[in-house]
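**Q** Need a 3D model of the following:
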Amino acid sequence: MAIQSKIGIIGGGISGIAAAKQLSKHNPIVFEATDSIGGVWKHCSYKSTKLQTPRCDYEFSDFPWTQRDNKNFPSYQEILDYLYSYATYFDVLKFVKFNSKVIEIRFVGDFKNSSEYGSLLPGHPVWEVGVQTSQSETIQWYAFEFLVICTGKYGDIPAMPKFPQNKGPEIFQGKVVHTLDYCKLNEEESTQLLKDRKVVIFGYKKSAIDLAVECAEANQGPDGQPCTMVVRTLHWTVPHYSVWGLPFYMFYSTRASQFLHERPNQGFFRTLICHMLSPMRRTLSKMIESYLAWKLPLEKYGLKPEHPFEEDYASCQMAILPENFFSEADKGKIAIKRASNWWFCEGGVEFDDGTKLDADVVVLATGFDGKQKLKAILPDPFCSFLEFPSGIMPLYRGTINPMIPNMAFVGYIESVSNLHTAEIRCKWLSRLVDDLFELPSIEKMLDQTTKEMEIMRRTTRFYKRSCISTFSINHSDEICEEMGLRSWRKNNWIAEAFSPYNSQDYEEEK
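**A** Numbers count the residues shown, from 1 in each chain. Next comes the predicted model:
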């Protein structure tokens, strides 16, 4: 017999803990597959992993960092400590069932093809969740009126490249690991994997860049081998949060700067203004590109992207570069190879230009398949509603899939600060659950999400990442208005126009 409760939350990462805190009065049950909260910060971090934004931009609105003005980027361990402190302070851990992996979800509600979404707490179970613990092979079933999915887009299931027949990892005589496997190694094991080995890393996002530096540091001795990064798609990297002496937030994180960019529901005249201001947008992007090309030896190593910086920012792919990345490259400890297609051979890897690269270890920094995690547990027909033909998941306010009843998704929309993005949506969700406002019709919700998708498509070629960074303040404005709160949160119009927004601006009004 299923154990019944009002609200179930799947995942104990940043989003899951934020959801549990905001929905705490309903005594939710949080299922965490591992023995720890923290999500990717716990299970997908290296010893060198650090936050990509200043700590004051990555905090809960009601729980500031003790040293929030510290300019150093906090390490993954500092973030875990901060999250544990938050969960302990608000007594959230009592809701978490650790080592409880969700195996299957079953729909037991009344699925009607209606134009209305319906109540989030209808008074009877809508979803059943099958959970397996590390202590037992038996599946325990739970029944909920409402489910919040916080499994995220990263971790758990690696995105693996596809290779021609007889040219995959099986013919390689060395060792092949994904970054997900590398994260499970302790410091001694990771050093032993890389030290004095010919290592090839595929990828050029944050995880690949950090790993290349760790590999270079492990190979400083006389027998140390260079690490080779194989890069298919270039992205802009940033050495710090300053451009030509100006703080980076001035370019994209204030109302004045975001006024230059498209946003949903902006009307004809606002659209016309955006079109007229497009040269200014391009100029700002060029200004940042010129600084990065001057500050970093991008041309020297063939690492200058052809697409504008703005496209990487609009898709949340701007990576902070480790301080010693190019110094290690200058010493010959990090090499760069550009390639579109590659495959394995016995002694290493081979490329479509006919060249080969010897390797002892190949590391795939090729990302994760978050949608596969959802498809593995969601039943039909709801699996088919997870994404539009564009490849983007339709989420109203970044939270509600209009086609899936009594279910919310937190952690699937990205911004410059994913913690803030998750928290404000959990506040919105809490008020929605308490019937303090109602959702629009399914048709209107789909129309809103379609508008946002179209803006993402026009802003960046990497739009499938579902990033709202260029209109994040407007996104929060609309959420506040729906909750019945002030959308403009600053004390005066100068601060409103020119100072950056962060979680502290959305602290509960007394």
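
**Q** Quick check: which element contains the residue of the chain positioned farthest from its centre?
**A** Most distant residue from the mean C-alpha position of the chain: P222, 38.9 Å away (C-alpha atoms, centre = their mean). Assigned by DSSP states H and E, P222 falls within no helix or strand.

**Q** Give the full set of residues in contact with W127.
**A** Applying C-beta atoms under 8 Å, 6 or more residues apart in numbering, we find W127 in contact with 8, 105-109, 143-144, 146-147, 406-407. No exception for glycine: its C-beta is placed from N, CA and C like everyone else's.

**Q** would you turn the residues you listed into CSV with distance to E262, secondary structure and pLDDT?
**A** Below are the contacts of W127 laid out as CSV (distance: C-beta to C-beta, whole Å; DSSP: H, G, I helix; E, B strand; the rest coil; pLDDT from 0 to 100):
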residue, distance to E262, secondary structure, pLDDT
G8, 37, strand, 98
I105, 36, strand, 96
R106, 41, strand, 95
F107, 37, strand, 95
V108, 42, coil, 93
G109, 37, coil, 87
A143, 43, strand, 97
F144, 38, strand, 97
F146, 33, strand, 97
L147, 33, strand, 98
N406, 32, coil, 94
M407, 29, strand, 96
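
**Q** now these in JSON lines, with neighbour count?
**A** Converted to JSON lines, these look like this (neighbours: other C-beta atoms under 10 Å):
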{"residue": "G8", "neighbour count": "24"}
{"residue": "I105", "neighbour count": "21"}
{"residue": "R106", "neighbour count": "15"}
{"residue": "F107", "neighbour count": "18"}
{"residue": "V108", "neighbour count": "13"}
{"residue": "G109", "neighbour count": "15"}
{"residue": "A143", "neighbour count": "18"}
{"residue": "F144", "neighbour count": "26"}
{"residue": "F146", "neighbour count": "26"}
{"residue": "L147", "neighbour count": "24"}
{"residue": "N406", "neighbour count": "21"}
{"residue": "M407", "neighbour count": "22"}
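
**Q** V176 versus the nearest residue to V363 once chain neighbours are set aside, what's the distance?
**A** Spatial nearest neighbour of V363, chain neighbours left out: I201 (4.8 Å); criterion: C-beta to C-beta, 6 or more residues apart in numbering. Separation of I201 from V176 (C-beta to C-beta, to the nearest Å): 12 Å.

**Q** Remind me what the helix or strand harbouring the residue nearest to V363 packs against, helices and strands.
**A** With secondary structure defined by DSSP H and E, I201 is part of strand 199-202. Using 3 or more C-beta pairs under 8 Å, 6 or more residues apart in numbering; DSSP states H and E as the contact test, the elements touching strand 199-202 are helix 206-218, strand 227-231, strand 361-364.

**Q** Quickly run through the sheet partners of that strand, with directions.
**A** strand 227-231 (parallel), strand 361-364 (parallel) (DSSP bridges).

**Q** how many other residues sit next to T49?
**A** If you count neighbours by other C-beta atoms under 10 Å, T49 ends up with 21.

**Q** For H124, which residues are in contact?
**A** 109, 145.

**Q** Quickly note the distance from it to F146.
**A** 11 Å.

**Q** next one: G370
**A** For G370, the distance to F146 equals 21 Å [C-beta to C-beta].

**Q** Ok, T34 next?
**A** To F146, T34 is 24 Å away according to C-beta to C-beta.

**Q** cool, and M160?
**A** According to C-beta to C-beta, M160 stands 34 Å off from F146.

**Q** cool, and L51?
**A** 31 Å.

**Q** shouldn't K375 be in contact with L386?
**A** Yes: at 6.7 Å, K375 and L386 qualify as touching, with contact defined as C-beta atoms under 8 Å.

**Q** Contacts only, for P239.
**A** Contacts of P239 by C-beta under 8 Å, 6+ apart are 292, 295-296, 320-321, 323.

**Q** export those residues to a markdown table and tack on secondary structure?
**A** Formatted as a markdown table, the contacts of P239 follow (DSSP: H, G, I helix; E, B strand; the rest coil):
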| residue | secondary structure |
| --- | --- |
| L292 | helix |
| K295 | helix |
| L296 | coil |
| I320 | strand |
| L321 | coil |
| E323 | coil |
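
**Q** what residue ranges in this structure score low on pLDDT?
**A** 112-116, 509-510 (pLDDT under 70).

**Q** In the record's domain split, what are the boundaries for it?
**A** Here the domain parsing of the chain from automatic domain parsing is 3-155+369-467, 169-239+296-364.

**Q** Serialize those to CSV and add fields for distance to S499.
**A** Shown next, in CSV, are these (distance: least, C-beta to C-beta, whole Å):
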stretch, distance to S499
domain 3-155+369-467, 12
domain 169-239+296-364, 19
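
**Q** re earlier: which one of the helices and strands packed on strand 199-202 lies closest to E187?
**A** Within the helices and strands packed on strand 199-202, the stretch nearest E187 is helix 206-218; the backing value is 9.8 Å (C-beta to C-beta).

**Q** Run the chain-centre distance for the closest one.
**A** 20 Å (C-alpha atoms, centre = their mean, to the nearest Å).

**Q** quick one: T271 and E262 touch, right?
**A** Yes: shown here, T271 and E262 form a contact pair, counting by C-beta under 8 Å, at 7.3 Å.

**Q** More neighbours: these two, which one.
**A** More crowded of T271 and E262, by other C-beta under 10 Å: E262, with 22 against 12.

**Q** just to revisit the earlier point, tell me the spacing between the residue farthest from the centre of the chain and E214.
**A** 19 Å.

**Q** Determine the three-state secondary structure at A376.
**A** Recorded secondary structure, A376: helix (three-state DSSP).

**Q** Pull the contacting residues for it.
**A** Neighbour list for A376: I157 [criterion: C-beta under 8 Å, 6+ apart].

**Q** What's the end-to-end length of stretch 272-284?
**A** 19 Å (C-alpha to C-alpha, to the nearest Å).

**Q** Stretch 66-83 now?
**A** Taking C-alpha to C-alpha, stretch 66-83 runs 12 Å from one end to the other.

**Q** Measure how buried the nearest residue to L185 once chain neighbours are set aside is and give me the count.
**A** The shortest distance from L185 to any non-neighbouring residue, by C-beta to C-beta, 6+ apart, is to L193 (6.6 Å). Per other C-beta under 10 Å, the neighbour tally for L193 reads 20.

**Q** next one: the one 10 residues further on
**A** By other C-beta under 10 Å, 21 other residues sit near G203.

**Q** With I473 instead?
**A** Using other C-beta under 10 Å, I473 is surrounded by 23 other residues.

**Q** and it, helix, strand or coil?
**A** At I473 the chain is in helix, as set by three-state DSSP.

**Q** That one against Y501, yeah?
**A** Yes: I473 lies in contact with Y501 (C-beta under 8 Å); the separation is 5.3 Å.

**Q** which neighbours do the two share?
**A** Going by C-beta under 8 Å, 6+ apart, residues that sit against I473 and also against Y501 are 253-255.

**Q** List just the nearest of the residues you listed to W342.
**A** S253 (37.6 Å).

**Q** Skip the chain neighbours and tell me the closest residue to the closest one.
**A** Once flanking residues are discounted, S253 sits nearest to P500: 4.3 Å by C-beta to C-beta, 6+ apart.
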